[in-house]
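Enquirer: what would the 3D arrangement of this be:
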Amino acid sequence: MERRRTMPDAEPPPPALRQALKELEERLGRSLTDASDGHARWELYRAALGSAAARPALLAAVTAEPDGALASGVVGEVLERLPRAERDTWVRVLPPAVRGFSERRARELAALEDLRTGALAPDRVPELVDGWSDWLQLRVAGEVRDATALRAVAASGRTKRIRRTATEALG
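Expert: Next up is the predicted model:
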């Protein structure tokens, strides 16, 4: 078995991150081998994603995380697991340079939820679908049951896969 080598980050974690990591370790019952290793922190963060009890400590860790790409990856993963009202809090803790993806994903999750609940009228989908990411178009095609929305995605979806999925959902 090959041992994975890790490269420690250039800087030791700041005190706020060390404290948040310690809290995560306690809540999850697992130890972090090297807090200066971004890969090791990612593994701890991924373990925390599935635990609602660990989310406050995870938010504290993301807030203190010096690696913007790592923090963005965690927020991108957690958004779908959060109530809508909490998403902006998580997105705002990201550095502005890496916030764009998570901002868009939060907006798209809201649009998907609005389509599911009827808060977004399906007849608006034709005017909106071109501005949606492939991710959202595919999710709408696979999860929304409204025929008007599905016809719009079947006609205007960006990829063959998206259009086919929407067409198949129409029956």
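
Enquirer: what bits of this protein have low per-residue confidence?
Expert: 1-10 (pLDDT under 70).

Enquirer: in it, which residue is closest to the centre?
Expert: The residue lying closest to the centre of the chain (CA atoms, centre = their mean) is residue 76, at 2.3 Å.

Enquirer: that one: which element?
Expert: helix 68-78 (DSSP states H and E).

Enquirer: domain map for the protein?
Expert: Per the record, the chain has its domains at 15-99, 121-170, by automatic domain parsing.

Enquirer: format those as CSV; extra columns: distance to residue 105.
Expert: For every residue, glycine as well, the C-beta is placed using N, CA and C. Shown next, in CSV, are those (distance: least, CB to CB, whole Å):
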stretch, distance to residue 105
domain 15-99, 5
domain 121-170, 8
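
Enquirer: right, and the helix or strand after the helix holding residue 76?
Expert: Next along from helix 68-78, by DSSP H and E: helix 84-92.

Enquirer: follow-up on the earlier one: where's the residue nearest to the residue nearest to the centre of the chain when sequence neighbours are not counted, which helix or strand?
Expert: Closest residue to residue 76 apart from its sequence neighbours, by CB to CB, 6 or more residues apart in numbering: residue 102 at 5.6 Å. Element membership for residue 102 (DSSP H and E) is helix 100-117.

Enquirer: list the buried residues of stretch 14-24.
Expert: 17-18, 20-21, 23-24 (16 or more other CB atoms under 10 Å).

Enquirer: how far away from the center of its chain is it?
Expert: Computed by CA atoms, centre = their mean, to the nearest Å, the chain-centroid distance of stretch 14-24 equals 22 Å.

Enquirer: let's have the chain start at 730 instead
Expert: Let's use 730 as the start, then, which means that last one is stretch 743-753.

Enquirer: with just CA atoms, put it into PDB.
Expert: C-alpha atoms of stretch 743-753 as PDB (Å, rounded to 0.1, in the frame of the first residue of the first chain):
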ATOM      1  CA  PRO A 743      -4.100  31.100  12.400                       C
ATOM      2  CA  PRO A 744      -5.400  30.800  16.000                       C
ATOM      3  CA  ALA A 745      -9.000  31.200  15.000                       C
ATOM      4  CA  LEU A 746      -8.700  28.300  12.600                       C
ATOM      5  CA  ARG A 747      -6.900  26.100  15.100                       C
ATOM      6  CA  GLN A 748      -9.700  26.700  17.600                       C
ATOM      7  CA  ALA A 749     -12.400  25.900  15.000                       C
ATOM      8  CA  LEU A 750     -10.500  22.700  13.900                       C
ATOM      9  CA  LYS A 751     -10.300  21.600  17.500                       C
ATOM     10  CA  GLU A 752     -14.100  22.100  17.900                       C
ATOM     11  CA  LEU A 753     -14.700  20.100  14.700                       C
END
